[in-house]
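J.: Have a look at this prediction, sequence included:
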Amino acid sequence: MTKSISILGSTGSIGRQTLDVAEQLGLRVAALTANHNLDLLEQQTRRFQPCLVALYDPEAAEDFRSRVRDLQVKVVSGLNGLLEAATLKEADTVVTAVVGMIGLRPTLAAIEQRKRIALANKETLVCAGELVMDAADRYGAEIVPVDSEHSAIFQCLQGCTDRREVRRLLLTCSGGPFYGKQYAELESMTREDALRHPNWKMGPKITVDCATLMNKGLEVIEAMRLYRLPLEQVGVLIHRQSIVHSLVEFRDGAVLAQMGTPDMRLPIRYAFTYPRRSENPEEPLDLLSSPPLTFAAPDLEAFPCLHLAMEAAKQGGTACAILNGANEAAVGRFLKGEIGFNDIPRLVEKARKTVSVAYQPSLEDILTADAAARQAIFR
């Protein structure tokens, strides 16, 4: 069980909920990292008294140093600061809750130090899953997923010692705020529309990804890497109620599902207590008061991002890094009001067609493909 943690991305949605769970479990918070939310980071630092705080922006780090000069805390900056937080000897578990490719190098560094990785950063496995999983095997590091869907699968697979017994993984998806709409209707959807997720409270980037279904596409790729299964054995179901978090179908026809309230603190808690479970003060799922549970197939014509992700998964190499980098850049432009909602899949498809794919890529190949994909969004 986890005793001490470093949180990469402590001021985001997952980071804040991680601190809630850490406080409930009595875990030591050894390090915090953030980008620019200095007010919240200062509150967290004063409350949890970490020995290290890292800010990616050097100017923000200098400002923060002056804010906490009365505390015994080391303040560092840049990528080296994130790496120091990820490899801190005082922490046995690293929570990777940063959004985007920035989480890749710190995750690899933490793996090399044999930390438990409480993985909430999709891009790490989407873009460099084979490198990451090979490194985890080589150094003996545990990767315990924090995403609700992958935590559900992880839990359903406990006791399954032979992956050949698995027929397929079924990732559930709420369908986001635009479920049931046609592609033409989505042309007029705004930033505010896309950020109205029906069930979950998350950051803006991942919320838009849920609206386009790209989030589920990234999770399909992540599941392939994490559980070392081909695309044909990973499926998606629309489940509006977000109560069944995912399912595993076995070759004998049995299907195991993990259920719970739509609360990210549940998978975060399990990532810390695995292989055990601890008492949870929150209200448990009450099936008698739950709505009927429904399931449907995703509409790939209305939401082409899911199809684009599956195509990238089939192609392999750096195709997934290109997909992810293009999507991050396109979503960023959408959130700034520079492009429309349906421009996101259009631009991602354009990048996939214009950026060349490298097979059996190195880390540098992956980072180069990511950068090229982002540039393609602005051409």
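T.: Received it, and whenever you're ready, just let me know what you need. Residues are numbered from 1 along each chain as shown.
J.: Run a quick neighbour tally on residue 182.
T.: As a burial measure, residue 182 scores 11 neighbours (other Cβ atoms under 10 Å). Using the backbone N, CA and C atoms, a C-beta is placed for each residue, glycine as well.
J.: Surely it is in contact with residue 302?
T.: Yes - using Cβ atoms under 8 Å, residue 182 is in contact with residue 302, at 5.5 Å.
J.: pretty sure residue 220 is in a strand, no?
T.: No - applying DSSP: H, G, I helix; E, B strand; the rest coil, one finds residue 220 to be helix, outside a strand.
J.: How about residue 365: what's its closest non-neighbour residue?
T.: Nearest residue to residue 365 in three dimensions, chain neighbours excluded: residue 358, at 4.5 Å (Cβ to Cβ, 6 or more residues apart in numbering).
J.: quick one: contacts for that neighbour?
T.: Counting by Cβ atoms under 8 Å, 6 or more residues apart in numbering, residue 358 touches 317, 318, 365, 368, 369.
J.: Check for me that it belongs to a strand.
T.: No - if the criterion is three-state DSSP, then residue 358 is coil and not within a strand.
J.: got the phi/psi numbers for it?
T.: phi -100, psi 140 (degrees, to the nearest 10).
J.: The helix or strand where residue 209 lies packs against which elements?
T.: Here residue 209 sits within helix 204-212, counting by DSSP states H and E. Here helix 204-212 touches helix 191-194, helix 214-227, helix 319-335, helix 343-354, going by 3 or more Cβ pairs under 8 Å, 6 or more residues apart in numbering; DSSP states H and E.
J.: Next, the buried residues of that helix.
T.: Using 16 or more other Cβ atoms under 10 Å as the test for burial, helix 204-212 gives 204, 205, 206, 207, 208, 209, 210, 211, 212.
J.: So what touches it?
T.: By Cβ under 8 Å, 6+ apart, the list of residues contacting helix 204-212 reads 99-100, 173-174, 176-178, 189, 191, 193-195, 197, 200, 202, 215-216, 218, 303, 305, 327-328, 331-332, 334-335, 341, 344-345.
J.: quick check: angle from it to helix 319-335?
T.: Here helix 204-212 points in a direction 100 degrees away from that of helix 319-335 (axes from the mean of the first three to the mean of the last three Cα atoms, to 10 degrees).
J.: Just the angle for helix 204-212 relative to helix 214-227, thanks.
T.: Using the same axes, to 10 degrees: helix 204-212 against helix 214-227 is 100 degrees.
J.: Just the angle for helix 204-212 relative to helix 343-354, thanks.
T.: Using the same axes, to 10 degrees: helix 204-212 against helix 343-354 is 90 degrees.
J.: Low-confidence regions, the stretch 1-150 of the chain specifically.
T.: Filtered on pLDDT under 70, the stretch 1-150 of the chain yields no residues whatsoever.
J.: quick one: the helices in it?
T.: 13-25, 38-48, 58-67, 78-86, 104-112, 122-139, 148-156 (DSSP state H, counting those that start in this stretch).
J.: same thing with the stretch 251-379 of the chain?
T.: 265-273, 304-315, 319-335, 343-354, 363-376.
J.: Deepest-packed of the ones you listed, please.
T.: Of all these, helix 319-335 has the most neighbours on average by mean count of other Cβ atoms under 10 Å, namely a mean of 25.
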